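S.K.: the sequence and its predicted three-dimensional model are supplied below.
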Amino acid sequence: MSNPLLSLNYEPAIESLGGDYFDEVAAADFPQHILRFRNDELLRKLGLDPAQVTDQHFIEAFGEFHCVRPFLALRYHGYQFNAYNPNLGDGRGFLYGQVRGTDGRLYDFGTKGSGRTPYSRGGDGRLTLKGGVREVLAAEALYRLGVRTSRCFSLVETGDALWRGDEPSPTRSSVMVRFSHSHIRFGTFERLHYIRRPDLIKKLLDFVIEYYYPELHLEASNAGFSPQEKYALFYADLVKRVAELVAQWMAAGFCHAVLNTDNMSITGESFDYGPFAFIPTYKPQFTAAYFDYSGLYCYGNQPFICRDNLEKLQEPLAAAIPQADMDAALAKFGDYYNAAYRQLMLNRLGFEDLPEAEGDELLKVTITMLAESQVEYHDFFFQLRRQFDRTWRDDASLIFAEAEPADLIAPWRQFYYHVLQSLSVDDMDKMADRLLRHNPEQSLLRPTIEAVWEAIAIEDNWEPFYELVKRLQNS
């Protein structure tokens, strides 16, 4: 039987840009191939029946890397902790191919851990198995929380023994395939500015708009916009997308940890999960990466950092977009972010919408309570989902009746009760549905991940991992 994954209609989209943007590379040969994860939900998104796609099909395509089109290591630079680094690029991965989903959108298969490239900088081009496991879990948790995120398509254990840092013994290796809208980064444009190729910047802008902003591309074509007008509208759309994305992270209690410009997607999609963490309690200064000594990329700084990265992107885009247009677009970032964050948090609290003053006050007292009480962030929202009852509208004392610390919960309880007074019985039923939809039961705190990894590392027991993935997808 032919391999359905190799029979997909792969498009030479990025390939058509020419060799100024990538290098053709080969995949590594691995001593073994054990499929540890496959995302059947994404198979359906490609119009494939999971029952017709075997584990061996996954291994042939994304472990042994049977060639469909040339593998492309993309070139890019980036600001890392505010220092410009021109020595980047795909150092342990490549673009495997691009395919259309059943929604008509173009998607990328991008590898991680598939071997050395011209940009490996002395590294081995490999991915630890733990790193692959963590990214599978992060992507599924974020997707369930409504974050616009890349997802893992497959994870194959590869049998190499990897030495990392000061570890006294080698760790296991893997290769992962990431499924996303695009692997073009802010840093892709920054590199073209660095090598002084404004012509390539404009060429890439045309490509990005045609393939990843199809509505804008159609509008610009029908209305006869000039290239400058089209490019300015693209940047304005990107600002909105990024503002909404970081609002999704903040509402989800997620700290990305490494918000360098090479980790910012040109489609406003979240990807590349390294030392990420979900906050245990509401602390804006919470920092996920042990090497972020100054706390630059802490949880509370994420909106500022994303806005700053958009501002840095203006430098290469100035070759095609008037500065005044970019400044006007970026000035709306705060409004976009605040509106998105407010809506997401109201949803997590059970509301579709509230009058502006009342909604803002509810958000304020909720954040104050979470910060001062230090109740577990994710459990608070899950308990709200679990305990919510129509009787709360009749008696404030029933709202989290046994919650501690009582003195810090009380002001929030009283205001939440006040807001419920304006709701009908039907509204209360809809609140219950909304709480169920926006507040999953399963969280992904570090101890949960470590427990899953310990079972794998010590006993080679994958059941806790598969059970956790299932809970993250369905809770």
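M.R.: Alright, I've got the coordinates.
S.K.: now residue 33: closest residue in space, sequence neighbours ignored.
M.R.: residue 63 (3.8 Å; C-beta to C-beta, 6 or more residues apart in numbering). Bear in mind the C-beta positions are built from the backbone N, C-alpha and C, glycine included.
S.K.: just confirm that neighbour contacts residue 153, I think it does.
M.R.: No. Judged on C-beta atoms under 8 Å, residue 63 makes no contact with residue 153 at a distance of 12.0 Å.
S.K.: more neighbours, these two?
M.R.: Between residue 63 and residue 153, counted using other C-beta atoms under 10 Å, residue 153 has the larger neighbour count: 28 against 25.
S.K.: how about low-confidence regions in this protein?
M.R.: 1, 166 (pLDDT under 70).
S.K.: from the contact counts, what lies against the helix or strand hosting residue 450?
M.R.: Here residue 450 sits within helix 446-459, counting by DSSP states H and E. Packing partners of helix 446-459 (3 or more C-beta pairs under 8 Å, 6 or more residues apart in numbering; DSSP states H and E): helix 129-144, helix 463-474.
S.K.: go again with 10 Å.
M.R.: Using 3 or more C-beta pairs under 10 Å, 6 or more residues apart in numbering; DSSP states H and E, the elements in contact with helix 446-459 are helix 129-144, strand 171-180, strand 277-278, helix 463-474.
S.K.: I'd like to know how many residues surround residue 383.
M.R.: If we define neighbours as other C-beta under 10 Å, then residue 383 has 15 of them.
S.K.: from what I can see it touches residue 377, true?
M.R.: No. Contact criterion C-beta atoms under 10 Å: residue 383 and residue 377 do not qualify, at 11.2 Å.
S.K.: okay, the helices and strands packed on helix 446-459 in a markdown table with mean neighbour count and distance to residue 351 next?
M.R.: Formatted as a markdown table, the helices and strands packed on helix 446-459 follow (neighbours: other C-beta atoms under 10 Å; distance: least, C-beta to C-beta, whole Å):
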| stretch | mean neighbour count | distance to residue 351 |
| --- | --- | --- |
| helix 129-144 | 23 | 20 |
| strand 171-180 | 24 | 32 |
| strand 277-278 | 22 | 23 |
| helix 463-474 | 16 | 24 |
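S.K.: which of these sits closest to residue 290?
M.R.: strand 277-278 (10.5 Å; C-beta to C-beta).
S.K.: partner strands of the closest one, with direction?
M.R.: Sheet pairing for strand 277-278, assigned by DSSP bridges, gives strand 254-255 (antiparallel).
S.K.: returning to what we had before: which neighbours do residue 63 and residue 153 have in common?
M.R.: residue 177 (C-beta atoms under 10 Å, 6 or more residues apart in numbering).
S.K.: how far away is the residue most central in space within the chain from residue 143?
M.R.: For the chain, residue 270 is the residue whose C-alpha lies nearest the centre (C-alpha atoms, centre = their mean; 2.6 Å). In this structure, residue 270 and residue 143 are 10 Å apart, going by C-beta to C-beta, to the nearest Å.
S.K.: which residues are in contact with each of these two?
M.R.: Joint contacts of residue 270 and residue 143 (C-beta under 10 Å, 6+ apart) are 149, 150.
S.K.: just to revisit the earlier point, now the residue nearest to residue 33: phi and psi?
M.R.: Residue 63 has phi and psi values of phi -130, psi -50 when expressed as degrees, to the nearest 10.
S.K.: got it, and residue 159?
M.R.: According to degrees, to the nearest 10, residue 159 has phi 90, psi -10.
S.K.: how about the one 3 residues further on?
M.R.: The main-chain torsion angles of residue 162 are listed as degrees, to the nearest 10 and equal phi -110, psi 140.
S.K.: count the neighbours of it for me.
M.R.: 18.
S.K.: same question for residue 334.
M.R.: Count around residue 334 with other C-beta under 10 Å applied: 12.
S.K.: gap between it and residue 155?
M.R.: From residue 334 to residue 155 the distance is 38 Å (C-beta to C-beta).
S.K.: now swap in residue 296 and tell me
M.R.: Applying C-beta to C-beta to residue 296 and residue 155 gives a distance of 30 Å.
S.K.: so for these two, which sits in the more crowded spot?
M.R.: residue 155 (28 against 14).
S.K.: give the closest residue to the more buried one in space, chain neighbours not counted.
M.R.: Nearest residue to residue 155, sequence neighbours excluded (C-beta to C-beta, 6+ apart): residue 37, at 4.0 Å.
S.K.: looks to me like that neighbour is in a helix.
M.R.: No. Counting by DSSP: H, G, I helix; E, B strand; the rest coil, residue 37 is not part of a helix but strand.
S.K.: confirm for me that it is in contact with residue 468.
M.R.: No. Residue 37 is beyond contact range of residue 468, at 11.4 Å (criterion: C-beta under 10 Å).
S.K.: what is in contact with those two at once?
M.R.: 133, 136, 137, 140.
S.K.: among the residues you listed, which one sits closest to residue 24?
M.R.: residue 136 (28.1 Å).
S.K.: in what helix or strand does residue 97 lie?
M.R.: Residue 97 is located in strand 95-100, with elements delineated by DSSP H and E.
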